[in-house]
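S.K.: quick one, fold the following:
(one chain, ligands or ions: 2)
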Amino acid sequence: MSSIDCIFCKIITGLIPSPRIFEDDQFICIRDIQPQAKIHLLLIPKHHVASLDEAFPTQGVSYSTMLARMMELSVQIARENHLLPPGYRSVINTGKGGGQTVFHLHLHLLSGDV
Ligand code: 5GP
Ligand code: ZN
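M.R.: Residues are numbered from 1 along each chain as shown. Ligands and ions are numbered 1, 2, ... in the order given. Sure thing, here's the model as predicted:
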């Protein structure tokens, strides 16, 4: 499922070109266009879910398996890109007040000058 106005859905479908650090059937990993650290990656599920909050609705199906896979993949990608050492920060912003600007769930991986 993709959302027509969503910039990450456009990147996922290839409508907006963006080189991949990693891609499989469920996720892409790209470099952030405005890096906040020496290395700033975004791990993005291909399925459009607006936020971490929406991934765990009070009623209905949760995306627990997808989230678990996202965390596991983030560790794999961090290893492959030699982020540890020195170390890295894993961030999910939720809601406008939480700093979320793109309403398609994603995990930031930040390393170096964090
Ligand atoms: P948020 O603020 O929602 O947690 O994170 C969204 C991130 O997406 C921001 O760090 C922003 O720089 C990045 N971003 C927004 N548009 C694009 C884009 O078109 N390409 C890439 N690579 N990153 C983007
Ligand atoms: Zn989307």
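S.K.: now do the buried residues in the helix ranked longest in the chain.
M.R.: Counting residues, the longest helix found in the chain (DSSP state H) is helix 64-80. By neighbour count with 16 or more other CB atoms under 10 Å, helix 64-80 contains the buried residues 66-67, 70, 73-74, 77-78. Backbone N, C-alpha and C define where each C-beta goes, glycine included.
S.K.: try stretch 35-54
M.R.: Counting neighbours by 16+ other CB under 10 Å, stretch 35-54 gives 37, 39-52 as buried.
S.K.: circling back: got the CA coordinates for the longest helix of the chain in PDB?
M.R.: The C-alpha trace of helix 64-80 is given here as PDB (Å, rounded to 0.1, in the frame of the first residue of the first chain):
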ATOM      1  CA  SER A  64       4.800  -5.900  15.600                       C
ATOM      2  CA  THR A  65       6.600  -8.300  13.200                       C
ATOM      3  CA  MET A  66       7.400  -5.400  10.900                       C
ATOM      4  CA  LEU A  67       8.800  -3.300  13.800                       C
ATOM      5  CA  ALA A  68      10.900  -6.200  15.100                       C
ATOM      6  CA  ARG A  69      12.300  -6.800  11.700                       C
ATOM      7  CA  MET A  70      13.000  -3.000  11.300                       C
ATOM      8  CA  MET A  71      15.100  -3.000  14.500                       C
ATOM      9  CA  GLU A  72      16.900  -6.200  13.500                       C
ATOM     10  CA  LEU A  73      17.700  -4.800  10.100                       C
ATOM     11  CA  SER A  74      18.900  -1.500  11.600                       C
ATOM     12  CA  VAL A  75      21.500  -3.500  13.600                       C
ATOM     13  CA  GLN A  76      22.600  -5.400  10.500                       C
ATOM     14  CA  ILE A  77      22.800  -2.100   8.400                       C
ATOM     15  CA  ALA A  78      24.800  -0.400  11.200                       C
ATOM     16  CA  ARG A  79      27.200  -3.300  11.200                       C
ATOM     17  CA  GLU A  80      27.600  -3.400   7.400                       C
END
